[in-house]
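A.B. asks: Predicted structure and sequence below. I'll ask about it afterward.
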There are 2 protein chains.
Amino acid sequence: MKVIKFGGSSLASGTQLEKVFEIVISDPERKVVVVSAPGKRYPDDTKVTDLLIECANKHLENKEPKEEFEALIERYTAIADELGLPAEIIAEIKTDFSNRLNADKSNPDRFMDLVKASGEDNNAKLVAAFFRKKGIDASYVDPKEAGLYVSNEPGNAQVLPESYELLFKLHERPGILVFPGFFGYSKEGEVFTFSRSGSDITGSILANALKADLYENFTDVDAVYAVNPSLIARPKEIKELTFREMRELSYAGFSVLHDEALVPAFRAGIPVHIKNTNNPQAHGTKIVAERDNTNGPVIGVASDEGFCSIYVSKYLMNREIGFGRKLLSILEDLGLSYEHTPSGIDDLSVILRENQLNAEKEAEIIRRIKYELHADEVKIVHSLALIMVVGEGMRHNIGTMARASKALAKAEVNIEMINQGSSEVSMMFGVKEVDELRAVKAIYEEFFAAVPV
Amino acid sequence: MKVIKFGGSSLASGTQLEKVFEIVISDPERKVVVVSAPGKRYPDDTKVTDLLIECANKHLENKEPKEEFEALIERYTAIADELGLPAEIIAEIKTDFSNRLNADKSNPDRFMDLVKASGEDNNAKLVAAFFRKKGIDASYVDPKEAGLYVSNEPGNAQVLPESYELLFKLHERPGILVFPGFFGYSKEGEVFTFSRSGSDITGSILANALKADLYENFTDVDAVYAVNPSLIARPKEIKELTFREMRELSYAGFSVLHDEALVPAFRAGIPVHIKNTNNPQAHGTKIVAERDNTNGPVIGVASDEGFCSIYVSKYLMNREIGFGRKLLSILEDLGLSYEHTPSGIDDLSVILRENQLNAEKEAEIIRRIKYELHADEVKIVHSLALIMVVGEGMRHNIGTMARASKALAKAEVNIEMINQGSSEVSMMFGVKEVDELRAVKAIYEEFFAAVPV
């Protein structure tokens, strides 16, 4: 049995829904369909979820969102018309939107969740109706009645453990089940949404709960690429990668899948297959627990900028028990989260995202570290980029570091720091932001192919 | 003005003392001479300090250390005879030893310090007498009367800040001042010794207090070498290195100077010159605050074994604020001191000296990390060696990492971890202990010279 999830662009129009239908019925294992709200049809289009947020905000300001509301109904009407669905379905959707927008606003965050969730909820009803019109046994599943219980954190709900057993009972239902993504219900029966990209989370939870053989995630790209296509044109596609590789890549700028969304599938060992609704013949990218290391040590190169380092030096630091812990406590105290802590004998750097800092906070950090830890020197270095070179088992391939660092030297990139050790899946290079693109190109060329100029 | 310190082997016999005399009088700037106790004359010889420890231990067990006491007196007598010094000086030394050995033993640690310190104290008197016999104005300085005050920690005394001003007054004294190394006095007038190699500390304190231009440290090697001579025969000599380079090298197996001893000189910016008593014409090695980077990026390669790593992985670890701090707190709680913490996205390793662990402690570490931090995996990897590649400004020399890692790859050494980032002076490679020698040779060959087979 497969759980199959479609993203917003796969559901943006009647034409897209025809593709979705063909994909679902082409494989009898595809039993549970998770849907997002209709996304963009063209680059300047507005997503249904964004229209809903605008409507909700205007209501919260006691304004009438006439234009946005019309645009919203128009999106569903266009799809229904294209597919020749009866007018009643649009009337039903319109009533639902109106009811939600006129609901209790005493808690604005909860009100917002109630409104946002309607994009997916109504789309699931529409998709089920479309499938039935095509002569297929299909039904909408209400998450509340099916038992998708979540914590009552608006915009960041977490699935409750008891949901898994309840959702397993969906196996008893006949036909194709269309399940709305993005939200669940608290024990008190209120709607709460997951974080953005939450439909991926719903699919992952259902795959886990139903003990699916595969979680198919249909989007609008042919595959996960070995490097960011906005940096290097026509990069290699990755056919198979492990959860760990996916996580390392998504950390540094790869955004095909929201990595947290994979957790339920990951914990249950269910593979995830990323495919393209617009080109279902393409192989896509399969995310698995383990894979054969047959295509060389490196599977992808990712990068992200906006990092800085706090450098602290103190003569004989390494004799001082608790120095590192005290330093991290100061940062925690200041609400800062950090990424890495490369260290020498008498110095320690803390790498963190620099959007957490401002001039005032920096002065405070320097003051506290100097004063409380009696450091000889404290300085903050800005504008760093991290380059992740990712590949399962790479560490045990003698010479990978030599190849990567030689490629960087040839490209005249100075390595500000290297972190290799803990992870068996990646090497991290810190470089100046101005060197980022040159560094990524050099490493991609070394491990994959010549980069077209 | 220069402070000049002689180690035990430089003072082991009359012949050695003649060399010391020639060295001191050859430069009128050499005003303050710090002396150790007589050391070994030949490899199987016993150091005076070790004889003193044996005597003290026997006294503490209420035994008569007849043999050791005779050997002790014999050492001083042999030197005095060789130099033609009057018999009274030996009588005086004998009385002093006897008095100390018969002192109060209610606090055995303090008794031990009192006895141990006599090796240096009496040697300073003997050296001053010898200089005077040679017609030079020289006098013994009593640390108590000169004001070298220390904390009352037996075997690990720390200099008290007020000592510096008091010791500065030694400038007023004429002639050559012979100062015993290794110990000072508490405010209550009791003897406390520094940690072993403490005569280097005394010299460093005096250089700081007297605002010396140079602290000369005479020992029995021509220089600090670029690599451990017991690993590679006839290695290159280092002519000049910075305090930071010295510290990084001494961390991983270089033991020419006790690094803590350099702190007072380092803080005052006074250069340290390591020279050979037996070959004073040799250039020696100068330790300075800053140096020109004229001899390539790498100045030395050091290594040390006996490390292990605690590897901890947890999916989405990097979203968890405080994870690293909590992990370090557990280790601190268990009394473990650690060296480095290389990290991936979802994993973290802690590198520490494995002599701190045993099977029971390891089980406890694993249990607590799994239980308190809900880690997915915790494992301890044993028998690691750390290789330090050291050189000031090396990081800004593009391609150093490429050269080092290529050399390791060519020697078929797998790099278990790399720590480069914080320090601007070193790169650290973690390798398996079995690969240590091969790794050091490969890096030495790459940056210095072909290693003779």
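C.D. replies: Noted; the coordinates are in hand. Residues are numbered from 1 along each chain as shown, chains lettered A, B, ... in the order given.

A.B. asks: contacting residues for the residue nearest the centre of chain A?
C.D. replies: For chain A, the residue nearest the mean C-alpha position is A:H258 (1.2 Å; Cα atoms, centre = their mean). Going by Cβ atoms under 8 Å, 6 or more residues apart in numbering or on different chains, A:H258 touches A:195-197, A:200-201, A:250. Placement of C-beta: from N, CA and C, glycine included.

A.B. asks: Also A:Y311?
C.D. replies: Contacts of A:Y311 by Cβ under 8 Å, 6+ apart are A:347-349, A:377-381, B:422.

A.B. asks: May I ask you to confirm that it belongs to a strand?
C.D. replies: Yes - with DSSP: H, G, I helix; E, B strand; the rest coil as the criterion, A:Y311 is located in a strand.

A.B. asks: Close to chain B: what parts of the stretch 101-250 of chain A are there?
C.D. replies: A:243-244, A:247-248 (Cβ under 8 Å from any Cβ of the partner chain).

A.B. asks: my guess is A:S118 contacts A:D96, does it?
C.D. replies: Yes - here A:S118 reaches A:D96: they are 6.1 Å apart, a contact under Cβ atoms under 8 Å.

A.B. asks: neighbour-wise, which of those two wins?
C.D. replies: Comparing A:S118 with A:D96 by other Cβ atoms under 10 Å in any protein chain shown, the one with more neighbours is A:S118, at 25 against 14.

A.B. asks: how close does A:E70 get to chain B?
C.D. replies: The gap separating A:E70 from chain B is 40 Å, by Cβ to the nearest Cβ, to the nearest Å.

A.B. asks: ok, now A:T95?
C.D. replies: Computed as Cβ to the nearest Cβ, the A:T95 to chain B distance reads 40 Å.

A.B. asks: So what's the residue count around that residue?
C.D. replies: 10.

A.B. asks: and it, what element?
C.D. replies: Using DSSP states H and E, A:T95 maps to helix A:87-101.

A.B. asks: what's that helix packed up against?
C.D. replies: In terms of contacts (3 or more Cβ pairs under 8 Å, 6 or more residues apart in numbering or on different chains; DSSP states H and E), helix A:87-101 is packed against helix A:48-60, helix A:66-83, helix A:108-133.

A.B. asks: Next, the contact list for A:S163, please.
C.D. replies: Contacts of A:S163 by Cβ under 8 Å, 6+ apart are A:147-150, A:184, A:205, A:209.

A.B. asks: sorry, back to before: max pairwise distance over the residues of the stretch 101-250 of chain A next to chain B: which two?
C.D. replies: Using Cβ to Cβ, the two most remote members of those are A:F243 and A:E248, lying 9.8 Å apart.

A.B. asks: With neighbour numbers in mind, choose between the two.
C.D. replies: Neighbours per residue (other Cβ under 10 Å) separate A:F243 from A:E248, with A:E248 holding more: 29 against 23.

A.B. asks: So the more buried one is in contact with B:D347, correct?
C.D. replies: No - using Cβ under 8 Å, A:E248 is not in contact with B:D347, being 10.2 Å away.

A.B. asks: so where's chain A uncertain?
C.D. replies: For chain A, the stretches with pLDDT under 70 are A:196, A:252-257, A:293-295, A:395-396, A:422-423, A:450-453.

A.B. asks: What segments of it are helices?
C.D. replies: A:14-25, A:48-60, A:66-83, A:87-101, A:108-133, A:143-146, A:163-168, A:198-209, A:243-251, A:263-268, A:323-333, A:359-373, A:400-410, A:436-447 (DSSP state H).

A.B. asks: which secondary structure elements does the first one contact?
C.D. replies: Applying 3+ Cβ pairs under 8 Å, 6+ apart, we find helix A:14-25 packed against strand A:2-6, strand A:30-35, helix A:66-83, helix A:108-133.

A.B. asks: Same question for the last one.
C.D. replies: Packed against helix A:436-447, as judged by 3+ Cβ pairs under 8 Å, 6+ apart, are the following elements: strand A:300-313, strand A:377-390, helix A:400-410.

A.B. asks: okay, the ones you listed in TSV with distance to B:A289 next?
C.D. replies: Formatted as TSV, those follow (distance: least, Cβ to Cβ, whole Å):
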stretch	distance to B:A289
strand A:300-313	14
strand A:377-390	14
helix A:400-410	30
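
A.B. asks: what's the closest of the ones you listed to B:K370?
C.D. replies: Of the helices and strands packed on helix A:436-447, the one closest to B:K370 (Cβ to Cβ) turns out to be strand A:377-390, at 26.5 Å.

A.B. asks: Can you give the strand pairings for that closest one, parallel or anti for each?
C.D. replies: strand A:300-313 (antiparallel), strand A:426-432 (antiparallel) (DSSP bridges).

A.B. asks: now the angle between helix A:323-333 and it, please.
C.D. replies: Put simply, strand A:377-390 runs at 90 degrees to helix A:323-333, going by axes from the mean of the first three to the mean of the last three Cα atoms, to 10 degrees.

A.B. asks: What residues of strand A:377-390 count as buried?
C.D. replies: Residues of strand A:377-390 classed as buried by neighbour count (16 or more other Cβ atoms under 10 Å in any protein chain shown): A:378, A:380-381, A:384-390.

A.B. asks: ok, those vs B:R403, which is closest?
C.D. replies: A:V389 (18.7 Å).

A.B. asks: Could you find the closest non-adjacent residue to that closest one?
C.D. replies: A:M427 (4.7 Å; Cβ to Cβ, 6 or more residues apart in numbering or on different chains).

A.B. asks: Without its sequence neighbours, what residue ends up closest to the closest residue to chain B within the stretch 51-200 of chain A?
C.D. replies: Residue of the stretch 51-200 of chain A nearest chain B, by Cβ to the nearest Cβ: A:S195 (11.4 Å). With sequence-adjacent residues excluded and distances taken as Cβ to Cβ, 6+ apart, A:S195 is closest to A:N156, at 5.3 Å.

A.B. asks: what's the burial count for the one you found?
C.D. replies: Using other Cβ under 10 Å, A:N156 is surrounded by 15 other residues.

A.B. asks: From A:T193, how far out is it?
C.D. replies: Distance, A:N156 to A:T193, using Cβ to Cβ, to the nearest Å: 8 Å.
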